[in-house]
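Q: okay, sequence plus prediction incoming.
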Amino acid sequence: MTTNGVYGFWSLLKRGHHGTLHWYSRKHAQCYVNEFAGRRNWRSRDTEEMLESSVTGMVGRRLPYAELIAWGCPPVTMMT
């Protein structure tokens, strides 16, 4: 990872914050960083491949509301 890559990542995160999210709490900041990191890691995949990986990762999993709003993020698992 180069310095330009790090600046590029933070630029995308900041753009997402100002453009889409508008505001988020410190409580959920790590969740948003995880989301944008995942987007950056998947940028070389095509849409069909991303959708297939996402659906495969969701099968048999639930995210109850209490867990969604709990402190921190749900554990992140890498999908292959």
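A: Yes, it's here. Here the structure is a predicted model, which means the values were calculated and not measured. Numbers count the residues shown, from 1 in each chain.
Q: gap between residue 62 and residue 68?
A: Applying CB to CB, to the nearest Å, the value for residue 62 to residue 68 is 10 Å. The C-beta positions use only the backbone N, C-alpha and C, and glycine is treated the same way.
Q: okay, these two: which has more neighbours?
A: Set residue 62 next to residue 68 and count neighbours by other CB atoms under 10 Å: residue 68 wins out with 11 against 6.
Q: measure residue 62 to residue 48 for me?
A: For residue 62, the distance to residue 48 equals 25 Å [CB to CB].
Q: correction: the previous question concerned residue 67.
A: Distance, residue 67 to residue 48, by CB to CB: 30 Å.
Q: give me the neighbour count for residue 13.
A: Residues near residue 13, counting by other CB under 10 Å, number 19.
Q: do the same with the one 4 residues further on
A: By the measure other CB under 10 Å, the count of residues near residue 17 is 15.
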